[in-house]
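Enquirer: Sharing a sequence plus its predicted fold:
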Amino acid sequence: MDEAGIVALIGTYGLAVLVPVAVLEGPVVSVIAGYLVRLNLIDLTQTLVLLVLADLAGDLLLYGLGRSGRVGFALRWLGRFGVTRDRLAWLIRAFRARGGRILILGKLTHSAGFAVLLAAGLARMPPGRFLALNLLATGPKVCALVAIGWAFGEVSAKVGNWLLGASLLALLCLGLWVATLLIGKTWMR
């Protein structure tokens, strides 16, 4: 899909196109959204609020996965990023000692975010504290990324077209995987 196609989608459906993808890949979508705000295709205030909510929703999914204790599944994916069971155990211990700082740092660095969000759940960080600290880091991060998109949007739109397509494909695969799990559990009963 080219830039004109994305602009047409946004023109027709507005933020309904961006928000679901932002749950999976908030930073890229936030930059693209900044550019779309600059083009007056979407409203700045609505965009900021919905991007923050989408980011929090994605983080809550990872937190919930950690809190449910389903680490085996997560470790297969984390292993691709060098996270082993020992490293995750160390992160959980560190999280219990300095959870707030680790959560905010993990959110701001983005690369460690997946492991940090899982560790928050595994360490049983209280949900209210998790949300409050997460919001504290997410709000400024989303604003900064939208500002980058506003300022440098022409460049990010070209790169973002490919990344948006990849994120949509990942969302579709995730949906199919969840549907397969749910159907499998239903048949096994």
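Expert: Cool, the structure landed. Everything numeric here is computed off the predicted structure, so don't read it as measured data.

Enquirer: Just the C-alphas of the strand or helix carrying A16, formatted as CSV.
Expert: Using DSSP states H and E, A16 maps to helix 15-24. In CSV, the C-alpha atoms belonging to helix 15-24 read as follows (Å, rounded to 0.1, in the frame of the first residue of the first chain):
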residue,chain,number,x,y,z
LEU,A,15,-8.1,6.8,14.0
ALA,A,16,-10.0,3.5,13.8
VAL,A,17,-7.3,2.4,11.4
LEU,A,18,-4.3,3.5,13.6
VAL,A,19,-5.4,2.6,17.1
PRO,A,20,-5.5,-1.3,16.8
VAL,A,21,-2.1,-1.3,15.2
ALA,A,22,-0.8,1.1,17.9
VAL,A,23,-1.5,-1.6,20.5
LEU,A,24,1.2,-3.8,18.8
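
Enquirer: Which is the succeeding secondary structure element to that helix?
Expert: According to DSSP H and E, the helix or strand after helix 15-24 is helix 26-38.

Enquirer: Any buried residues in whatever helix or strand comes next after that next one, and which?
Expert: For helix 26-38, the following helix or strand on the C-terminal side (DSSP H and E) is helix 44-67. Buried residues in helix 44-67, counted by 16 or more other CB atoms under 10 Å: 47-48, 50-56, 58-60, 62-63, 65-67. All C-beta spots, glycine's among them, are computed from the backbone N, C-alpha and C.

Enquirer: How about stretch 29-48?
Expert: 29-38, 41-42, 47-48.

Enquirer: Just the terminal-to-terminal distance for that stretch.
Expert: 11 Å (CA to CA, to the nearest Å).

Enquirer: circling back to that earlier point, make JSON lines from the buried residues of stretch 29-48 and add distance to L122 to it.
Expert: Listed next are these as JSON lines, based on distance: CB to CB, whole Å:
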{"residue": "V29", "distance to L122": "27"}
{"residue": "S30", "distance to L122": "27"}
{"residue": "V31", "distance to L122": "30"}
{"residue": "I32", "distance to L122": "32"}
{"residue": "A33", "distance to L122": "32"}
{"residue": "G34", "distance to L122": "34"}
{"residue": "Y35", "distance to L122": "37"}
{"residue": "L36", "distance to L122": "37"}
{"residue": "V37", "distance to L122": "37"}
{"residue": "R38", "distance to L122": "40"}
{"residue": "L41", "distance to L122": "40"}
{"residue": "I42", "distance to L122": "37"}
{"residue": "T47", "distance to L122": "33"}
{"residue": "L48", "distance to L122": "31"}
